[in-house]
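> Return a 3D structure for these sequence lines:
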Amino acid sequence: MTAPASLYSVAGNALTPLQLIDQSRQGLTGTEAGRVAGLLAVSDKEMARLLNQSVATFHRQAKMGKLDPVTSERLLILDQLAIYGASVFQDAGKFTRWLRRPLPLLENHSPLDLLDSSTGIQLVDDILGRIEYGVFS
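Presented below is the predicted three-dimensional model:
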């Protein structure tokens, strides 16, 4: 990711890539999925899609306590992206509105449409970096 502090834990502390892997393997709690959904201003249905799960699976995992490593890793990365986006736009609301706006650069897909894949997350992160440095308007 482009953000200066690399990746963040759910408590907002910087994580190294190895710490991210370790935390992912330990699994996040189901409540963290709701918190990240709040940061991105997405519904449960949208969050389930971002995690490549059905809504039923998303709800079941959220109630189980610990999420699986793949889901935990995706949540940590989406958490990082939300923190970075709010920083770039200097306002969480502006960032979440931007996430839903179709962009010509993305062939009129919204950034949110792409966050269900690691390539899409990286692409959105790159665009945020361009915005941060004034390359993309």
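> What values do phi and psi take at H109?
The phi/psi pair for H109 (degrees, to the nearest 10) reads phi -90, psi 150.
> Tell me which stretches of the protein form strands.
Using DSSP state E, the strands assigned to the chain run over residues 7-8, 14-15.
> Next, the contact list for the residue nearest the centre of the chain, please.
By Cα atoms, centre = their mean, the chain has its centre lying nearest to L78, at 1.5 Å. With contacts defined as Cβ atoms under 8 Å, 6 or more residues apart in numbering, L78 is in contact with 36, 39-40, 50, 115, 121. Quick note: C-beta positions are derived from backbone N, CA and C, even for glycine.
> of all these, which comes closest to S87?
Relative to S87, the closest of those is L39; by Cβ to Cβ it sits at 11.9 Å.
> so who does that closest one touch?
L39 makes contact with 78-79, 82-83, 86, 92 under the criterion Cβ under 8 Å, 6+ apart.
> Distance of R35 relative to G134?
Separation of R35 from G134 (Cβ to Cβ, to the nearest Å): 31 Å.
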